[in-house]
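Q: kindly generate the corresponding structure for this input.
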Amino acid sequence: MKDRNARQLPERLKQERLRQGMTQADLAAAVGIAKKSQTNYELGHTVPGIDYVMHLHALGFDVEFLLTGEVGWSRGSEEARLLKAFQCAGPELRSALLAIADASLAVNESSGGPQRQRARSRAPRQ
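A: Below is the predicted model of the structure:
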């Protein structure tokens, strides 16, 4: 594990597991591996494969955070709900939603943007 993100994967994996309220045994059972394998992943002794990561995604783990350290759009987040609503909307509603978004951005930019500052300061999950 040479790259910085790869070296931090074990700790991020532990953080995400705890955020999900799971023990190592719980997670191991949920993805179908031995508890010892889960322990080794979190200690950085072994690197999980893509099948394991896909299981984590299916369980609602923030895979973007695991891989990059950037907090991603977790399932059920407000951002994900807005995106889904936009994708399902017809042309007229899409135009209205874009107008609202443009107006919101303009207000944030002119007022110093507390929303932008909050979005930039989203710290990794503990």
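Q: longest helix of this structure?
A: Assignment by DSSP state H gives helix 91-110 as the longest helix of the chain.
Q: quick one: mean pLDDT over that one.
A: Mean per-residue pLDDT for helix 91-110: 92.
Q: from now on call the first residue 45
A: All set: I'll call the first residue 45, so the last point we hit is now helix 135-154.
Q: just checking, what packs against that helix?
A: helix 122-132, helix 158-164 (3 or more Cβ pairs under 8 Å, 6 or more residues apart in numbering; DSSP states H and E). From N, CA and C alone the C-beta is placed, and that goes for glycine too.
Q: what is the longest one packed up against?
A: So the one you mean is helix 122-132. helix 135-154.
Q: circling back to that earlier point, hey, least reliable of the helices and strands packed on helix 135-154 by pLDDT?
A: Ranked by mean pLDDT, the helices and strands packed on helix 135-154 bottom out at helix 158-164, which scores a mean of 47.
Q: centroid-wise, who is the farthest residue in this structure?
A: Centroid-distance maximum for the chain: Glu136 at 30.9 Å, with Cα atoms, centre = their mean.
Q: how does the chain divide up, domain by domain?
A: 48-112, 122-164 (automatic domain parsing).
Q: among the ones you listed, which is the most enclosed?
A: Sort the domains of the chain by mean neighbour count, taking mean count of other Cβ atoms under 10 Å, and domain 48-112 sits at the top with a mean of 16.
Q: what mean pLDDT does that domain get?
A: 93.
Q: need the distance between the two termini of that domain.
A: With Cα to Cα, to the nearest Å as the measure, the ends of domain 48-112 fall 9 Å from one another.
Q: ok, now stretch 100-107?
A: Using Cα to Cα, the two ends of stretch 100-107 sit 7 Å apart.
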